[in-house]
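In: Sequence and predicted model, in that order:
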Amino acid sequence: MSFITLLTDFGNRDFYTGALKGTLLRHCPDATLIDISHDIEPYNILHAAFVARNVWADFPEGTVHILAVNCAYDAAYRFVLLRHAGHYFMAPDNGLLRLIFEQSPPPHEVRLLSGNNEQKASVRHTFAEAAGRLLSGQPFETIGSFAPPLLERIGLRAVVTGQRIRGTVIHIDNYGNVVVNITKELLESTGKGRPFALYFRRHDPITRLSTNYCDVAPGEPLCLFNGAGYLEIAINMDRAATLLGLKVEDVVEMAFE
Amino acid sequence: MSFITLLTDFGNRDFYTGALKGTLLRHCPDATLIDISHDIEPYNILHAAFVARNVWADFPEGTVHILAVNCAYDAAYRFVLLRHAGHYFMAPDNGLLRLIFEQSPPPHEVRLLSGNNEQKASVRHTFAEAAGRLLSGQPFETIGSFAPPLLERIGLRAVVTGQRIRGTVIHIDNYGNVVVNITKELLESTGKGRPFALYFRRHDPITRLSTNYCDVAPGEPLCLFNGAGYLEIAINMDRAATLLGLKVEDVVEMAFE
Amino acid sequence: MSFITLLTDFGNRDFYTGALKGTLLRHCPDATLIDISHDIEPYNILHAAFVARNVWADFPEGTVHILAVNCAYDAAYRFVLLRHAGHYFMAPDNGLLRLIFEQSPPPHEVRLLSGNNEQKASVRHTFAEAAGRLLSGQPFETIGSFAPPLLERIGLRAVVTGQRIRGTVIHIDNYGNVVVNITKELLESTGKGRPFALYFRRHDPITRLSTNYCDVAPGEPLCLFNGAGYLEIAINMDRAATLLGLKVEDVVEMAFE
C-alpha cells in the first residue's frame, strides 16, 4: 500500500485540490491519498513547515509527501524531490524544505523535477508524473535531474542571551493555544532546572511548567510542552491567543534566576 | 476492507489531524480512513454527539469510529473502546459516548485503553494501537482492561408538560436550518394527530408540518422533520437561523389544541 | 480500483457528508471516496459547475462523480445519472449538469434515478444504490429509467460586441485571484493578436497579458490565463479581489484597438 499525503494552500472552495487528486490517481491508481491540510495560509511556508515537520514521521516509510504551498509566485521556482529517512517529499524549491529539515540535504538525495510554473495546472502534472514513477519502483536516481542546492530559508529560532531565552510565537492552534519556538531541549540545556519566569506582553509572568491544561483552574494561564515538544502558552478551557492578545511573530522571554 | 472514521475538534490548520492519520496508518496499513469532520467546535461534545449519532449506523459493521473531541482538558480523562451493534467506538471518557447512546452499555462491551493525557500526542498512539489490534483480529476482550462505568452526561431532551412540548435548538446546519430536539416519535405520541402551534421567539407560530422546503413560498418559514427525524425550523431558500434570530440552546414550544 | 468523487454544499460541521460516505461504502465497499469539496456555497450551482468542470477530466475513466449541491429545495427535483466520456455523473436535475457540459446530452446517456426529495436523507440512498449497481458492473441502461430532457440552465457567457468582449467575474479563488469567463480561445478568436485594454471598475486598464504572477512587481495588478484557460485578474503576492474591489458577477470589459 502506497500513501501520498497532501499539504497545500489551495483551500477547499476551488478546483485546485480536486484536479491535483485526479491527476495523481491517473498516474498512481493504487496509491491512497491522505489529506493533511488544504488550509495552509496562502503563500505561508512557515505555517506549512510547522505542520509538515510534525506530521511526516508518523507515516510509514515510503510515503510520498506532496507539499504544494506558494507554488506559483516566482517564475524561477523549480520543483524538487527530496528523499529523507525513507520518505519522499515533493515541493517547490521555495525554502519550504529547508524550513522542515534544518540540515542541508546531501546532493544525491535531491532531484530536480522538470516542471515550470507558467500555470498552476502544470504543478500537479509535475508532481503526479514523478509520484507515478517512484511508486512504480523506478530508482530515485532516474527521476528528474541533478538538482542545484535547495533554496536556503532560515526559520525563526529562539535566541539565548545570558540568562534569557528570547522566543517567538510560531503558531496559534485550533484551540487558541499559543505555540512558541522554545523546545523542551532548549529549556533544559539553558535552564538546567532553575526556576524561570516567562514574560509575554504586559501580563504577569508564568513561573511554573505544567504538564496538563487542567493543572491550573479553568480560565487561568499556564505553559507546558505540547506533543511536538514546543512550549505552549495556554488557558485551561479557553482561548489563550484571544484572551492574552498574542499572535504569530510576537516575542516572549523566558528569564532564569 | 476495514474502515476507520475520524470525528475530531482538531480543525484543519494544525498538525493534529495529519499526525493522527499517519499514526493510524502505521498501525493499520490496510485500513481506509474516512473523514467525518474535523470542524467540531472545540471541546463541544454536544456538537460531536449530534454528528456521530446520525452517521455511525450508515457505515458497514466492523467500522472503527474515532471520536477525538475535547481530549486533553482533564488529567483524569481515560480513553475507552466501546462495542455497539458490531461497530467500535474510541473516545475519551468525557461523556461523549453517553450522549450518543442514551442507554448505558453493558460492562463487557467497554474496554479501558491504556492512555494518559499528558500530551495531545499520546491520544493518537492510544487509539492507533487499539485499532491495530482490533483490525488484526485480536479479540475485543483482550484489548485494554476492564473499564469502570462510562462518565454519565445527559443530553438536553424535550420536555412534555400537559399539552405542550418544550424543545431546545441543538444545531444550526450549513444551510441555516434550525434543528430542534423534538423527534417525529415524540410529536406523534404527544400530539396524536391534533393541530399544533410552534412558537419560537416572538414570531408568529408555525401551525403546519411541511414535507418539503418548497411547500411554502421562497422566503417563508416552515417546519419539517429532517432525514434524521428531528424537527427543523427552516426558510425556503434562505437561512432561518439568521433571519429568525435563532441559535443553539434557544427554547421553542409546541402547543396542541 | 473504482473512484467516487464527492462535490457537495454540505459543509463540514454537519452529519450530511459522513452519512453520505457511510451509505456509499455500504453499497460500494471496494470504492475509494475522494473529497473534491464540501464547501460549495449553499445552493450555488454556478460555483459547483465551475469546480466540477475543471476537475472531472483529471480523474481516470470509470470514475463516478457525485454532485450533491442544492439537492432539496424543489419537490419536483429528480436525480439523474449521466454518462459522458467514460465518466459517470450523479446530480439533482437542477441545471447543474447543463452548466458543466454546455451541450445537451444524447437521451441514451441519461438515466432517471428513482429518488424523491422528501428528506435530505434519501438523496444519499438514491446515489449509493445507483453507484453500487454501476460499480458492480450492471449495464448503464438497466439503472433507473428513461429520463426526460435535463433541466436547461444557461451559464453566464462573455459577450462579444464589435471590438469589445464583455465578461463577468465567475469566481474568486483562495488567493483572491479574480476569475473571469473570458477564455483564451475567445480572446484569440476575437482579438486576433491586437493590443487590448482590460477595464474593471474605475481602475486603470490592464493592457498586457502576463504569463506569470511575477511578471509584474509585487503589489501590481496583472492579467493572465489560469491553468483552466480562464482570464484571471491578479495582484502579484496579494489579494486582487479585496484590493481591487471585485466580486462575483461584476462586469469587466476588454476593448481592442
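Out: Looks like it arrived, so ask away.
In: so where's the stretch 51-200 of chain A shaky on pLDDT?
Out: Within the stretch 51-200 of chain A, the segments meeting pLDDT under 70 span A:73-77, A:115-121.
In: How are the helices of it distributed by residue range?
Out: In the stretch 51-200 of chain A, the segments counted as helices under DSSP state H, counting those that start in this stretch are A:96-100, A:120-135, A:184-191.
In: Mind giving me the packing neighbours of the longest one?
Out: Contacting helix A:120-135 under the criterion 3 or more C-beta pairs under 8 Å, 6 or more residues apart in numbering or on different chains; DSSP states H and E are the following elements: strand A:2-8, helix A:16-27, strand A:64-68, strand A:79-84, strand A:87-92, strand A:110-113. C-beta: built from backbone N, CA, C; applies to glycine.
In: Run through who's touching it.
Out: When contacts are defined by C-beta atoms under 8 Å, 6 or more residues apart in numbering or on different chains, helix A:120-135 is touched by residues A:2, A:4, A:16, A:19-20, A:23-24, A:26-28, A:30-31, A:64, A:66, A:68, A:71-72, A:79, A:81, A:88, A:90, A:92, A:111, A:113-117, A:140, A:142-144, C:58, C:226-228.
In: what do you get for stretch A:201-212?
Out: Stretch A:201-212 has contacts (C-beta under 8 Å, 6+ apart) with A:195-200, A:216, A:221-225, A:233, A:244-246, A:250, A:255, B:72, B:74-75, B:117-118.
In: check those residues against chain C, which are close?
Out: Residues of these in contact with chain C (C-beta under 8 Å from any C-beta of the partner chain): none.
In: Buried among those residues? Need that as a selection in PyMOL.
Out: Selection of buried members from the contacts of stretch A:201-212 for PyMOL, criterion 16 or more other C-beta atoms under 10 Å in any protein chain shown:
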select buried, (chain A and resi 196+198+199+200+216+221+222+223+224+225+233+244+246+250+255) or (chain B and resi 72+74+117)
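In: Quick one: neighbours of the closest residue to residue A:51 other than its chain neighbours, just the number.
Out: Nearest non-adjacent residue to residue A:51, counting by C-beta to C-beta, 6 or more residues apart in numbering or on different chains: residue B:15, 4.7 Å away. Neighbourhood size, residue B:15 [other C-beta atoms under 10 Å in any protein chain shown]: 27.
In: For the stretch 151-257 of chain A, which segments count as strands?
Out: A:159-161, A:164-172, A:178-183, A:196-200, A:221-225, A:230-235, A:251-256 (DSSP state E, counting those that start in this stretch).
In: wait, which of the ones you listed is closest to residue B:43?
Out: strand A:230-235 (12.3 Å; C-beta to C-beta).
In: tell me how far the closest one is from the chain's mean position?
Out: Taking C-alpha atoms, centre = their mean, to the nearest Å, the mean C-alpha location of strand A:230-235 is offset from the chain mean by 18 Å.
In: List the contacts of it.
Out: A:167, A:170, A:175-184, A:187, A:198, A:200, A:206, A:213, A:219-226, A:240, A:243-244, A:246, A:252.
In: Mind listing what's buried along it?
Out: A:230-235.
In: How many residues are close by residue A:47?
Out: For residue A:47, the neighbour count with other C-beta under 10 Å is 20.
In: quick one: contacts for it?
Out: Contacts of residue A:47 (C-beta under 8 Å, 6+ apart): A:40-41, A:171, B:13.
In: Got phi/psi on it?
Out: phi -60, psi -50 (degrees, to the nearest 10).
In: Quick check: the residue lying closest to residue A:22 once chain neighbours are set aside vs residue B:185, distance?
Out: Leaving out its chain neighbours, the residue that sits closest to residue A:22 by C-beta to C-beta, 6+ apart is residue C:58, at 3.0 Å. Computed with C-beta to C-beta, to the nearest Å, the distance linking residue C:58 and residue B:185 is 46 Å.
In: So between those two, which is more surrounded?
Out: Higher neighbour count among residue C:58 and residue B:185: residue C:58, with 22 against 10, using other C-beta under 10 Å.
In: so who does the more buried one touch?
Out: Listed by C-beta under 8 Å, 6+ apart, the contact set of residue C:58 reads A:18-19, A:21-23, A:26, A:124.
In: could you redo the last one with a cut-off of 6 Å?
Out: A:19, A:22-23 (C-beta atoms under 6 Å, 6 or more residues apart in numbering or on different chains).
In: pretty sure residue A:182 contacts residue A:167?
Out: Yes - look at residue A:182 against residue A:167 with C-beta atoms under 6 Å: they come within range, at 4.1 Å.
In: which residues are common contacts for the two?
Out: Joint contacts of residue A:182 and residue A:167 (C-beta under 6 Å, 6+ apart) are residue A:158.
In: List only buried entries from the contacts of strand A:230-235.
Out: A:167, A:170, A:175-183, A:187, A:198, A:200, A:206, A:213, A:221-226, A:240, A:244, A:246, A:252.
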